[in-house]
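Chemist: please work out how this folds:
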Amino acid sequence: LVTIFGGVISTISLFDWWFRKLHVVSPLFFYAVSFFLWSGIFRIVLNWYQLARIRDAAPKKFTESLGTVAVFLTAAPGEPLSMFRKTFQALSRLEYPCNIYFLDGTGAPEFKSLALEFGLMHLEMVGVEGAKAGKVNEALKKTNEDFVLVLDPDHLVFPDFLKEVIVFFKDPTVGFVQVSQGYYNQYRSPIAQAAAEQTYLFYGPTQCYYGSNGGAIAIGANCMFRRTALASIGGHAHGLAEDLLTSIRLHAQGWKSIYHPVIVNRGLVPEDFDSFSKQQLKWSRGLFEVLFTEYPKLFGKLNMSSRWRYFNIGTFYLVGLRNFFFLLIPVGYFLFGWVAVNMSFSEFVIRSIPFAFFSLIIYALSQRYLVDYSHERGVYWRGMVMKFACWPVYTYAFILTLLNKKIPYLPTSKQGTSKLPVFFWPLVVYLILLVGSFAYHIFNMEQTLSLQAFLTVQRQTLGMFSFSLVAFFQTLLSIFLIFRSAQRSRMDAWEELE
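Modeler: Residues are numbered from 1 along each chain as shown. Next up is the predicted model:
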């Protein structure tokens, strides 16, 4: 609390300095910069508030059976058969009695044969619309168990998974229980490490805060639902962010949700930029869809905590638009002489030091809530770099949302590729544009300005050059990680498991 108080004081001090009249050159440009800058700072401060409000839940131990459980495992065309063998082996070791249903949308007889070999109940799902949610809802019609665990096919469950989760359903108001996610391929490439790093704080302090007041978020996989809760909203929601849609509808109906911060299974993260960018496009377009369509409709039914929670989640991917805006600032200055604010970059850095200091301290302290502290602690520089690298993805998703353009639901690829997606090339184009605009500015400045004007512009240029170096090296590092990830092991991740 002391460090959070210090962080708030440093934020107020920086706010007071930033909005001084002498810093305003063009009011429209200044307030545009201020909006993007301070919206990012606001999210950081909001995370501090959430951190201060976390309440450690009392541990619960399995003592008795609380009802029947169905495990739903889906399969889509194109997913590798060899991966399912590992998944079925893990499922066969579950300790709590359950019925395991294989929701098979592949239409391939070898998948059915493998499922029957491991004693799973096979449900044919070819032609069922609605992606994973459609299969789940169809399976709900054909089953009657009290609780339903939804799993992704790449996740390998631990034997005690169900025992860890079922105990929370003693409370009849609990609609679903979400556990953390772990990964077994995160060390296979820089992008896999980045993808895993981006989840650590979410499954750590963020979900711990959400779960503290009965408002944990469903993540799609590793989530167990009460059947009557799903029935109260007409079944599992359809959409790109079907998990978040289901979650917000359940909370609007008054159901509580629990977050249990344990790793009781491990799955896959994307290992290459093509798979990663497609996953991020699906997630960002899905979250924007929830923000602009479902959130306004359910706003009146949500409590105040849930309203803030879903607004915070729904606006997360605006980071792409914010990064894109700041990337344009140095290019605009070098080409057209546009000046956003009347301050030196060095002065801004110095004034930001107290805020940055407390932010780093709070960031380090927040890691006490990490689920797997010994493996997850550290500075998530790869995750931050790849979040920056996805600014074309998130910006494109936002534009699609404004135009109400849909994209198909595609499962995240389980096998990597060295193919460079279309979202890679804006990084290259920007790098060329940044270097070219700087060279043009230097040449033009030497040719056209008087000595006095040259010295004045030179000071401005030095500050903007310092600012542009941040964009330059982030873009360069993004490209480097993307190429390094293309050189990962060609063996499938599950084949490396003992």
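
Chemist: let me see the ranges of the strands in the chain.
Modeler: 69-75, 99-104, 121-124, 147-151, 156-157, 174-179, 182-183, 223-226, 256-260, 265-267 (DSSP state E).

Chemist: the longest one pairs with which strands, parallel or anti?
Modeler: Translated: strand 69-75. Strand 69-75 has its sheet partners listed here by DSSP bridges as strand 99-104 (parallel), strand 147-151 (parallel).

Chemist: can you give me how far that strand is from the chain middle?
Modeler: 24 Å (Cα atoms, centre = their mean, to the nearest Å).

Chemist: and that strand, average pLDDT?
Modeler: Mean pLDDT, strand 69-75: 93.

Chemist: before we move on, what about the fifth one?
Modeler: Averaging pLDDT along strand 156-157 yields 94.

Chemist: over to the second one?
Modeler: Across strand 99-104, pLDDT averages out at 94.

Chemist: so which bits of it are buried?
Modeler: 100-104 (16 or more other Cβ atoms under 10 Å). All C-beta spots, glycine's among them, are computed from the backbone N, C-alpha and C.

Chemist: the nearest residue to S247 once chain neighbours are set aside: what's it in contact with?
Modeler: Once flanking residues are discounted, S247 sits nearest to A218: 4.0 Å by Cβ to Cβ, 6 or more residues apart in numbering. Residues in contact with A218 (Cβ atoms under 8 Å, 6 or more residues apart in numbering) are 176, 178, 225, 243-244, 246-247, 250, 257.

Chemist: returning to that earlier point: which among the strands paired with strand 69-75 is found nearest to A231?
Modeler: With Cβ to Cβ as the criterion, A231 lies closest to strand 147-151 of the strands paired with strand 69-75, at 10.6 Å.

Chemist: output that closest one as CSV, nothing but the C-alphas.
Modeler: Extracted in CSV, the C-alpha atoms of strand 147-151 (Å, rounded to 0.1, in the frame of the first residue of the first chain):
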residue,chain,number,x,y,z
PHE,A,147,-21.2,-30.0,-14.2
VAL,A,148,-19.4,-29.6,-17.6
LEU,A,149,-15.6,-29.1,-18.0
VAL,A,150,-14.7,-27.6,-21.4
LEU,A,151,-11.2,-28.5,-22.6
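
Chemist: quick one, that strand and strand 174-179 angle?
Modeler: Strand 147-151 and strand 174-179 are oriented at 30 degrees to each other (axes from the mean of the first three to the mean of the last three Cα atoms, to 10 degrees).

Chemist: renumber starting at 663 from here on
Modeler: New numbering, starting at 663: the last item is strand 809-813.

Chemist: buried residues, strand 809-813. List them.
Modeler: For strand 809-813, a neighbour-count test (16+ other Cβ under 10 Å) marks 809-813 as buried.

Chemist: again with stretch 1085-1098
Modeler: Applying 16+ other Cβ under 10 Å to stretch 1085-1098 flags 1085-1086, 1088-1089, 1092-1093, 1095-1096 as buried.

Chemist: dump these into CSV; add distance to F831 and pLDDT as well.
Modeler: Output for the buried residues of stretch 1085-1098, formatted as CSV (distance: Cβ to Cβ, whole Å; pLDDT from 0 to 100):
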residue, distance to F831, pLDDT
F1085, 41, 92
F1086, 45, 93
P1088, 47, 95
L1089, 46, 95
Y1092, 50, 95
L1093, 52, 95
L1095, 55, 95
L1096, 54, 93
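
Chemist: circling back to that earlier point, how close does the residue nearest to S909 get to T736?
Modeler: 15 Å (Cβ to Cβ, to the nearest Å).

Chemist: longest helix in the chain, by number of residues?
Modeler: Longest helix in the chain by number of residues (criterion: DSSP state H): helix 1113-1147.

Chemist: quick one: that helix to chain centroid distance?
Modeler: Centre to centre, stretch against its chain (Cα atoms, centre = their mean), the figure for helix 1113-1147 is 28 Å.

Chemist: for it, packing partners?
Modeler: Packing contacts for helix 1113-1147, counted by 3 or more Cβ pairs under 8 Å, 6 or more residues apart in numbering; DSSP states H and E, involve helix 852-863, helix 981-998, helix 1007-1028, helix 1043-1051, helix 1087-1110.

Chemist: what's in contact with the second one?
Modeler: Applying Cβ under 8 Å, 6+ apart, the contact partners of helix 981-998 are 694-695, 698, 701-702, 946, 1000-1002, 1049-1050, 1052-1057, 1059-1060, 1092, 1095-1096, 1099-1100, 1102-1103, 1122-1123, 1126-1127, 1129-1130, 1133.

Chemist: and that helix with helix 1043-1051, angle?
Modeler: Angle of helix 981-998 versus helix 1043-1051, following the same axes, to 10 degrees, is 70 degrees.

Chemist: quick check: mean pLDDT of helix 981-998?
Modeler: Computed over helix 981-998, the average pLDDT equals 92.

Chemist: what's the angle between that helix and helix 1113-1147?
Modeler: Here helix 981-998 points in a direction 140 degrees away from that of helix 1113-1147 (the same axes, to 10 degrees).

Chemist: and helix 981-998, C-alpha only, in CSV?
Modeler: Extracted as CSV, the C-alpha positions of helix 981-998 are listed here (Å, rounded to 0.1, in the frame of the first residue of the first chain):
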residue,chain,number,x,y,z
VAL,A,981,-3.1,-0.6,-27.1
GLY,A,982,-2.6,-1.2,-30.9
LEU,A,983,-4.2,2.0,-31.9
ARG,A,984,-2.2,3.8,-29.2
ASN,A,985,1.1,2.4,-30.4
PHE,A,986,0.2,3.2,-34.0
PHE,A,987,-0.5,6.8,-33.0
PHE,A,988,2.8,7.3,-31.2
LEU,A,989,4.7,5.6,-34.1
LEU,A,990,3.4,8.3,-36.4
ILE,A,991,4.6,11.2,-34.3
PRO,A,992,8.3,11.1,-35.2
VAL,A,993,7.5,10.4,-38.9
GLY,A,994,5.1,13.4,-38.9
TYR,A,995,7.8,15.6,-37.4
PHE,A,996,10.6,14.5,-39.7
LEU,A,997,8.4,14.9,-42.9
PHE,A,998,6.2,17.8,-42.1
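
Chemist: distance between that helix and the chain's centre?
Modeler: So, by Cα atoms, centre = their mean, the centroid of helix 981-998 is 24 Å from its chain's centroid.

Chemist: residues in contact with I1023?
Modeler: Neighbours of I1023 in contact, by Cβ under 8 Å, 6+ apart: 665, 669.

Chemist: swap in V686?
Modeler: Counting by Cβ under 8 Å, 6+ apart, V686 makes contact with 692, 1003-1004.

Chemist: I'd say E956 and I910 touch.
Modeler: Yes - here E956 reaches I910: they are 6.0 Å apart, a contact under Cβ atoms under 8 Å.

Chemist: which one of the two has more residues nearby?
Modeler: Legend: neighbour count by other Cβ atoms under 10 Å for E956 and I910, higher for I910 (27 against 20).

Chemist: isn't that one up against Y972?
Modeler: Yes - assessed by Cβ under 8 Å, I910 is found in contact with Y972 at 5.6 Å.
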